[in-house]
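J.: Any chance you could fold what I've pasted below:
(chains A and B)
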Amino acid sequence: MSKSEVALEHGAHEPFLQHHFHDLEQQGEASKIGMWLFLVTEILLFGGLFVGYGIMRMLHAEAFHQGHLHLDRTLGALNTVVLLVSSFTMAMAVHSARTGDRKRLIVFLAATLAFAGVFLGVKYFEYSHKFHEGLLPGKYYRHTGDAVPGVAAFFGFYFVMTGLHGLHVLAGMIAIGWLLRRAVRGDFSPSYYSPVDLTGLYWHLVDMIWIYLFPLLYLIS
Amino acid sequence: MTGANYLTEQRGLRSWLFTLDHKRIGVMYLWSTLLAFFLGGVLAMLIRLELLTPTRTLMDADTYNKAFTLHGAIMIFLFIIPSIPAALGNFVLPLLLGARDVAFPRLNLASYYLYVAGALMALASMITGGIDTGWTFYTPYSTSTGGAVNLVTLAVFVLGFSSIFTGVNFIATTHKLRAPGMNWFRMPLFVWGIYATAIIQILATPVLGITVLLLFLERVFGVGIFDPKLGGDPVLFQHFFWFYSHPAVYIMILPGMAIISEVIPVFSRRPIFGYRAIAFSSVAIAAVSFLVWGHHMYVSGQSVLASALFSFLTFLVAIPSAVKVFNWVATMYKGSIWLQAPMIYAIMFLLLFAIGGLTGLFLGSLAVDVHLHDTYFVVAHFHYVMMGGTFIAFLAGLHYWWPKMFGRMYSERWSRIAAALVFVGFNATFLAQFVMGSRGMPRRYYNYLPEFQALHVVSTVGSWILALGLLITAGYLLASLRKRPDAPANPWGGMTLEWQTSSPPPTHNFAAVPVVDRGPYDFPPLEAEEELAGRPA
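T.: Residues are numbered from 1 along each chain as shown, chains lettered A, B, ... in the order given. Now for the predicted structure:
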């Protein structure tokens, strides 16, 4: 018992230690468990979509092939590269936080934020192009001249999957913006950087989901 | 008791609305879920009243459809799923572990507000057209019917997040915030049960989230995944829905079993029989729960092979469930049984859950299910499990921890009278439905053949007795709050950590971090206990 009381007293000096943890290490480990569990729920959320996609593609194989021809592979590939690079800059940001290099942390966070912005910018051009052509989800589909029926279902999935992913990118940008503010303020140190670490985990998942979305939507053969 | 406790240390509405204290959040959850239960209960009474006669009794068919849908949705999403984990679990889990709080107090509060938001959305459906799909939202009806389906599906989505947040919190808390010396096999079994529940909450709820989201998008954009008119597959909805909703049944029952595992040893004054078997059976139930969803779909056009496999897997669930029941009974054997309200409800649970569980095997058998599918037999079965199991266990837990939560003892005499009424009323209501169902009375029907009327009358009268018992329960529990605090720290002689702090506990739970050097059910010999006045030796 005496040992844990010592730890509690010691912890009182740490500004970011919450009262119910003994020390920052315990707090960091708990939040890491929490984040991994959250990522599991994210995978299952998208997992449902992937299963739905798989079944619909099985039912409407030709329409899905036809639909994917309307997508711009170059822009999709560009966005894949953008997100991969942003994952790298995010990893570097975590590394900088761990080594206590505040300047590099700020630079890498800003770079990640910028790449995320580029990704959404490209997505915006893609979406508006689709809207213009009448390639809208489900019952709003207005495009004519398809060789096979059912292309609307493909675009239903395209918009649901990329839309949900886009929302995740947006949420990640908000989180990274918040990290940036805290990094500028000097909140992080080698003993306390778990917000950076956890946002990093989240960001890699968002990146990974796109790595699956890209071939499933853009590269159907 | 002396000194400030979590209820009195801070006062005012703001101190409650912005609290991060797991005990206060648990209490807010308790009142909210009880309110939801009351609303769902009123709807149930109206439904039973309507069914008193074979034709119209007091409402039209449309209103009846909306009433049973809302009854189901409220009871499942607003009461049973959050009641034990988020209300009682929130309060006692950190105490049982010797922790000061859950791992993420802010997430905990966020979970509560998501619950409130989801609840308001679900209830708003009542004034924006109602919803008549049944709580299962089966397509294609749910994609074509009018009313407030969009609102309710979004409500379920929001409530799912609330449930996930609770699950994430409890797993992290159990891993990282156990008191010094509390290894995994010194944890009270309630924690094991809640832990297994949290695993299911995390693994199953996101799938429900995406399912109702897709249903919403199907209705708004006509995405074409579930609606056959658009090339979708309505049976796919059933797969998605039950992939969550069958494990969700175990989200509902495991916390109930967890409470029983606490109450029976304390009131039998015996170490639990087969601690590890009970602990691992919770995890086993959680694991198997993901592999049985197809037993809801024997008549939905699923392949025969799939049905046979699902049937076999369904039978497997009976094994860990029976392991628990036999261990509880073995714990009571040669124990010093003290029939206080929590124990009365625990024994009631054993009887009712046995009926609910065994009738589940009838429904899990392929050929029998074809006959019983969508009849009152199913209704009776899941009410025996959900109400006779989970709700009765909830009552056991509520009576067990009430003195700890509010520092008051309730009337022992009234609690016995109420328990007797609940038992008689419950069985009258639902035993009759087993008989009706096996004779072919379909569920959800507004009108029925006159030969079923006698049994329907029995069921409806039973519901009145049940309601009376529950109103008396509400009465004596609320009356106890008006008294001066009189509960001792450990009224039942429990050995788990929550009984080592005052009733109600101080804001930080324990004056000093407790150190654990024994199991949760290592009771000293009864003769040595002197503070347990009133307990038979």
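J.: ok, residue B:117 touching residue B:158?
T.: Yes: at 5.5 Å, residue B:117 counts as touching residue B:158 under the criterion of CB atoms under 8 Å. Backbone N, C-alpha and C define where each C-beta goes, glycine included.
J.: okay, these two: which has more neighbours?
T.: Applying other CB atoms under 10 Å in any protein chain shown to residue B:117 and residue B:158 shows that residue B:158 carries more neighbours, namely 22 against 16.
J.: Could you name the specific helix or strand carrying that one?
T.: Under the criterion DSSP states H and E, the helix or strand holding residue B:158 is helix B:149-176.
J.: what does residue B:337 give?
T.: Here residue B:337 is assigned to no helix or strand, by DSSP H and E.
J.: quick one: contacts for it?
T.: The neighbours of residue B:337, taking CB atoms under 8 Å, 6 or more residues apart in numbering or on different chains as the test, are B:267-268, B:343.
J.: quick one on the thing from earlier: tell me the helix or strand right after the helix holding residue B:158.
T.: Next along from helix B:149-176, by DSSP H and E: helix B:189-221.
J.: quick one: low-confidence parts of the chain?
T.: Using chain A. Across chain A, the ranges flagged by pLDDT under 70 are A:1-13.
J.: actually it's chain B I care about, not the one you picked
T.: Counting by pLDDT under 70, chain B contains low-confidence ranges at B:1-3, B:526-537.
J.: Strands along that one, start to end?
T.: Using DSSP state E, chain B contains no strands.
J.: Also chain A?
T.: Counting by DSSP E, chain A contains no strands.
J.: quick one: the helices in it?
T.: Secondary structure of chain A (DSSP state H): helices at A:2-11, A:24-59, A:61-68, A:73-99, A:102-133, A:151-185, A:194-218.
J.: neighbouring contacts of the third one?
T.: Contacts of helix A:61-68 with the rest of the structure, by CB under 8 Å, 6+ apart, involve A:56-57, A:146-151, A:153-155, A:158, A:217-221.
J.: Cross-check the contact I'm expecting between residue A:117 and residue A:170.
T.: No: if you go by CB under 8 Å, residue A:117 and residue A:170 don't touch, sitting 10.2 Å apart.
J.: re the thing from before, keep the contacts of helix A:61-68, but drop any that are not near chain B.
T.: Contacts with chain B within these, as defined by CB under 8 Å from any CB of the partner chain: A:56, A:149-150, A:153.
J.: circling back to that earlier point, other SSEs contacting the helix holding residue B:158?
T.: Where contact means 3 or more CB pairs under 8 Å, 6 or more residues apart in numbering or on different chains; DSSP states H and E, helix B:149-176 is packed against helix A:24-59, helix B:81-82, helix B:90-97, helix B:105-124, helix B:189-221.
J.: mind checking which of the ones you listed is nearest residue B:325?
T.: Within the helices and strands packed on helix B:149-176, the stretch nearest residue B:325 is helix B:189-221; the backing value is 13.8 Å (CB to CB).
J.: okay, which residue is most central for chain B?
T.: What sits nearest the mean C-alpha location of chain B, by CA atoms, centre = their mean, is residue B:80, with 3.5 Å.
J.: contacting residues around the nearest residue to that one once chain neighbours are set aside?
T.: Once flanking residues are discounted, residue B:80 sits nearest to residue B:252: 4.7 Å by CB to CB, 6 or more residues apart in numbering or on different chains. The contact partners of residue B:252, taken as CB under 8 Å, 6+ apart, are B:76, B:80-81, B:385-386, B:390.
J.: just the buried members of those?
T.: B:76, B:80-81, B:385-386, B:390 (16 or more other CB atoms under 10 Å in any protein chain shown).
J.: just those now: which is nearest chain A?
T.: For those, the closest approach to chain A (CB to the nearest CB) belongs to residue B:81, at 15.6 Å.
J.: how many other residues sit next to residue 83?
T.: The chain I'm using is chain A. Residues lying near residue A:83 (other CB under 10 Å) number 25.
J.: Not quite, go with chain B.
T.: By other CB under 10 Å, 28 other residues sit near residue B:83.
J.: measure the closest residue to it other than its chain neighbours to residue B:40 for me?
T.: Of all residues not flanking residue B:83 in the chain, residue B:33 sits nearest, at 4.5 Å (CB to CB, 6+ apart). Here residue B:33 is placed at a distance of 10 Å from residue B:40 (CB to CB, to the nearest Å).
J.: again, but for residue A:67
T.: Distance from residue A:67 to residue B:40, by CB to CB: 44 Å.
J.: Tell me which of those two has more neighbours.
T.: Legend: neighbour count by other CB under 10 Å for residue A:67 and residue B:40, higher for residue A:67 (27 against 20).
J.: separation between that one and chain B?
T.: The gap separating residue A:67 from chain B is 12 Å, by CB to the nearest CB, to the nearest Å.
J.: coming back round to it: report the two of the buried ones among the contacts of residue B:252 separated the most.
T.: B:81 and B:385 (13.9 Å).
J.: wait, residue B:185 sits on residue B:280?
T.: No: using CB under 8 Å, residue B:185 is not in contact with residue B:280, being 10.6 Å away.
J.: list the contacts for the nearest residue to residue B:403 once chain neighbours are set aside?
T.: The spatially closest residue to residue B:403, leaving aside those adjacent along the chain, is residue B:487, at 3.5 Å (CB to CB, 6+ apart). Residue B:487 sits next to B:1, B:403-404, B:406-409, B:503 when contact means CB under 8 Å, 6+ apart.
J.: try residue B:166
T.: Residue B:166 neighbours (CB under 8 Å, 6+ apart): B:82, B:85-86, B:89-90, B:108, B:111, B:198, B:201.
J.: Try it again at 7 Å.
T.: B:85-86, B:111, B:201 (CB atoms under 7 Å, 6 or more residues apart in numbering or on different chains).
J.: Can you give the distance of the biggest helix by length in chain B from its chain's centre?
T.: Scanning chain B for the helix with the most residues, using DSSP H, yields helix B:234-268. Averaging C-alpha positions (CA atoms, centre = their mean, to the nearest Å) puts helix B:234-268 7 Å from its chain's average.
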